[in-house]
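A.B. asks: Need the 3D shape of this:
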Amino acid sequence: MLDAPADQQPVLIWGHWTQAEAQHLQRRELARYVPRTLKGEPTMTTHFAVRQRSVPAQQVVTLSRRLRVDGLPSFIEQELKALPHCVEAAGARITGIPFVVYHGQVNEDSGGPVEVCVPYSGSLTPGGTLTLREEPAPAEACVALTKAQFDFPGILEAHDATCAHAVAHGQRGALSPREVYPHDWDGLNDTHPTGNVVWPFVPQKG
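C.D. replies: Down below sits the predicted model:
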């Protein structure tokens, strides 16, 4: 910053400080969340209205990557735009809402992996980093969130709420939790409904 032209230094310093404040806020919220979970204390899951739904099996094109939490938002935003374009450019048709699967924890120490998925129909050829597979038809515990509620680490409590519902009404299956993005992220403000946190599970019989 000190090597930058004098007229650019105030903007650079303010940008650096704004980023530092955001990181401190994120770490403060995470520091509140982690001790509660380690002690087995209840989180704020009562703030979320969990509903149960069923979804059909669907064919998806996916892209997976290992990355830390600081790189997650840009990866999701980029691939939620790029993958649908790949589907349409190949002559196939998008048939469902894009979603992101978390096959492991994503934080400052763990890198998932994370898988961006786009449902499609038609003919596609896997190649490079793209994979084609069938997504099964599970029951799902689902919570709707605003754009602001998608911020880390607050979103962890939405995952806790869906997990608690899954455990109370059945058992966790082989499928990993995911986030569903039915709306265009760029066109929304913090109070707009943006997407869903979803936990697949196997319902109790009877």
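A.B. asks: Specify the residue ranges that define each domain of the protein.
C.D. replies: 13-42, 45-203 (automatic domain parsing).
A.B. asks: Make TSV out of the ones you listed and add distance to residue 2 and mean pLDDT.
C.D. replies: The C-beta positions use only the backbone N, C-alpha and C, and glycine is treated the same way. Converted to TSV, the domains of the chain look like this (distance: least, Cβ to Cβ, whole Å; pLDDT from 0 to 100):
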stretch	distance to residue 2	mean pLDDT
domain 13-42	10	69
domain 45-203	25	88
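A.B. asks: Next, format those as a markdown table and append distance to residue 7 and mean neighbour count.
C.D. replies: As requested, those are arranged in a markdown table below (distance: least, Cβ to Cβ, whole Å; neighbours: other Cβ atoms under 10 Å):
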| stretch | distance to residue 7 | mean neighbour count |
| --- | --- | --- |
| domain 13-42 | 12 | 11 |
| domain 45-203 | 29 | 16 |
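A.B. asks: Helices along the chain, start to end?
C.D. replies: All helices of the chain, identified by DSSP state H, fall at 9-38, 72-89, 155-169.
A.B. asks: Adding distance to residue 137 as columns, could you present those helices in TSV?
C.D. replies: Formatted as TSV, the helices of the chain follow (distance: least, Cβ to Cβ, whole Å):
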stretch	distance to residue 137
helix 9-38	31
helix 72-89	21
helix 155-169	16
